[in-house]
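Chemist: test case, fold it:
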Amino acid sequence: IEYFEDGIEVLSYLTYNGATPFSQQLWQLFEQLIEAVHFWAYDYIIDLIAPLDNYVSRDTHTFLHGSYICMRLDNKNITYLDALVSVAERFLAPPENYLKACERDSIKATYLILSILHHCPRGSVDNVAFRYASLCIQVLPITYGPTPLALLRSADQDDANVRGEIEAGELSDTNNARPWRKSLANALANVWASILYYSASIGLQVLAKHPKCNEFLSAWFDLIFSSPKCDNATDLSPLTAKLAILAISSIFIQNTASACLHTIPSDTLEPQLLHHLIELVDPEPDEDDEEDDDFEDDEEDDEEDLHFHEMRQFNHDEDVDDPEEDAYYNSLHSSKGIREIISTIDLEDDAAGDEAAYCSPIDDQDENFLALDALKLLHQQGRLETLATHLPAALQEKLQKFVASTEERFQRHTAAQA
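Modeler: A predicted model of the protein is given here:
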């Protein structure tokens, strides 16, 4: 245990820079990590995110088709996929894990599910999508809004000490007793949106049959309506807004989703989805700022490279950092996807700040282009004009502006790629 954290750092380096597919010996370390979490390494989930994500993102084929004999399950065979999902469920599975676990650890557990949904091809992890669609529908309204007093007591703690803040009112008043875990609610919203983006029909099938369907939709719409891209911005991360755009667009675009949409007991669901889609999209993204940011990042990288070479001439009597170690950490810090989370964690900050620092593997995808495709399809089907009549005048104007500006930007993007 004394050298476990050092071992995780070495494994992060090997799985990030090593040749793929990974060797069987390297996958045996994956098996040992999973078993360690279940037996004694429960508190190391933050450190384990980077190497576990590397296994999924860099050797996806082996991850989806590999398995091992699990002593914890009486020597039964378990797939790598099910093994990783079981780690997330240690922190998220209802009814008590998401209340007992540290909120930050629970948020990290959702990153494992995001990694699976974002990296694995559509159709390859349907069972995970089904399992976590049901979990999100059950847990998100609880973390975001009122919780029944009976569920609070199931946490095996005194009511007054339930993790999270208790919002006003008497503890006997179940309408006011709330274990606020807003950052976890945002993280679960990301998982739900990723499920819809992966397969909207799966998410909608589960939602239509779930007894908490309306309660969940109310909480989810309330949460995404507080996106920073909306006028009444609060503290929701930009990632949640982006994934919400991808999710709603996927509902309108994916062929099998339309039939599932009509099985949900709500006459206003489609107008609500369009309303929130137009609320979230950006008709005029500042491309110049993005280019400036890229240029500044390149300058910073050049300065880091210069500083690295200068460090090779240090005095051996001075107490300085190892440049090889610094180079390794810089490689982690500059990487895309979930690996960048580790570099942005501020252990002194709150969970909400950490949620905002999350970087998704789909960062390079322009969500506005997918939203434009969804609107074009609705127009071709003759549904857009009908749904748009439910929008307030300001959003109708924004819709027209968004379509025109995004179409122009898409044409420029296509020409640049040619």
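
Chemist: grab the nearest non-local neighbour of Ala257.
Modeler: Residue nearest to Ala257 in three dimensions, not counting chain neighbours: Ala200, with 3.6 Å by Cβ to Cβ, 6 or more residues apart in numbering. Any C-beta I mention is one placed from the backbone N, CA and C, and that applies to glycine too.

Chemist: what do you get for Tyr144?
Modeler: Nearest in space to Tyr144, with sequence neighbours left out and distances taken as Cβ to Cβ, 6+ apart, is Ala185 at 3.7 Å.

Chemist: if I read this right, that neighbour contacts Ala219, doesn't it?
Modeler: Yes: counting by Cβ atoms under 8 Å, Ala185 does reach Ala219; the two are 7.5 Å apart.

Chemist: list residues touching both of the two?
Modeler: Taking Cβ atoms under 8 Å, 6 or more residues apart in numbering as the criterion, Ala185 and Ala219 both touch 140, 144.

Chemist: please identify which of these two sits among more neighbours.
Modeler: Higher neighbour count among Ala185 and Ala219: Ala185, with 25 against 22, using other Cβ atoms under 10 Å.

Chemist: how about the more buried one, what does it touch?
Modeler: For Ala185, the contacting residues are 140, 143-144, 219, 223, by Cβ under 8 Å, 6+ apart.

Chemist: spatially nearest residue to Leu274, not counting backbone neighbours?
Modeler: Leaving out its chain neighbours, the residue that sits closest to Leu274 by Cβ to Cβ, 6+ apart is Leu387, at 4.8 Å.

Chemist: what is whichever helix or strand the one you found is part of packed up against?
Modeler: If you go by DSSP states H and E, Leu387 is part of helix 384-388. Counting contacts by 3 or more Cβ pairs under 8 Å, 6 or more residues apart in numbering; DSSP states H and E, helix 384-388 packs against helix 269-280, helix 367-380.

Chemist: how does it look with 10 Å?
Modeler: In terms of contacts (3 or more Cβ pairs under 10 Å, 6 or more residues apart in numbering; DSSP states H and E), helix 384-388 is packed against helix 269-280, helix 367-380, helix 393-417.

Chemist: point out where the stretch 51-200 of the chain drops to low pLDDT.
Modeler: 94-100, 145-180 (pLDDT under 70).

Chemist: next structured bit after the one helix or strand Gln205 maps to?
Modeler: Following DSSP H and E, one finds Gln205 within helix 200-209. As assigned by DSSP H and E, the chain's next helix or strand after helix 200-209 is helix 213-224.

Chemist: what comes up buried for that next one?
Modeler: Going by neighbour count (16 or more other Cβ atoms under 10 Å), the buried part of helix 213-224 is 213, 215-217, 219-221, 223-224.

Chemist: what's the local residue count around Gln365?
Modeler: Using other Cβ under 10 Å, Gln365 has 14 neighbouring residues.

Chemist: how far away is Val139 from Leu188?
Modeler: Using Cβ to Cβ, to the nearest Å, one obtains 6 Å as the distance from Val139 to Leu188.

Chemist: before we move on, the earlier item: between the buried residues of helix 213-224, which sits nearest Asp47?
Modeler: Leu223 (28.9 Å; Cβ to Cβ).

Chemist: quick one: that closest one and Ser183 touch, right?
Modeler: No: assessed by Cβ atoms under 10 Å, Leu223 is found out of contact with Ser183, at 11.4 Å.

Chemist: list the contacts for Val403?
Modeler: Contacts of Val403 were listed using Cβ atoms under 10 Å, 6 or more residues apart in numbering, and they are 281, 283, 371-372, 375-376, 379, 384.

Chemist: swap in 7 Å and give it another go.
Modeler: Val403 is in contact with 372, 375, counting by Cβ atoms under 7 Å, 6 or more residues apart in numbering.

Chemist: tell me the phi and psi of the residue nearest to Tyr144?
Modeler: phi -60, psi -40 (degrees, to the nearest 10).

Chemist: for Gln380, see how far away it is.
Modeler: Separation of Ala185 from Gln380 (Cβ to Cβ) stands at 36 Å.

Chemist: ok, now Glu284?
Modeler: For Glu284, the distance to Gln380 (Cβ to Cβ) stands at 25 Å.

Chemist: can you check Ile248 too?
Modeler: Distance of Ile248 to Gln380, computed by Cβ to Cβ: 18 Å.

Chemist: which one's more surrounded, those two?
Modeler: Ile248 (28 against 9).

Chemist: OK, contacts around that one?
Modeler: By Cβ under 7 Å, 6+ apart, the contact set of Ile248 is 273, 276-277.

Chemist: which of those residues has the most neighbours?
Modeler: Within these, most neighbours by other Cβ under 10 Å means Leu277, with 23 neighbours.

Chemist: doesn't Asp373 make contact with it?
Modeler: No: Leu277 is not in contact with Asp373 according to Cβ atoms under 7 Å; the separation is 11.8 Å.

Chemist: need the overlap of contacts for these two.
Modeler: Shared contacts of Leu277 and Asp373, defined by Cβ under 7 Å, 6+ apart, are found at Ser249.

Chemist: which stretches of the stretch 251-400 of the chain have low pLDDT?
Modeler: Within the stretch 251-400 of the chain, the ranges that satisfy pLDDT under 70 run 286-361.

Chemist: distance of Glu270 from Thr263?
Modeler: Using Cβ to Cβ, we find Glu270 at a distance of 13 Å from Thr263.
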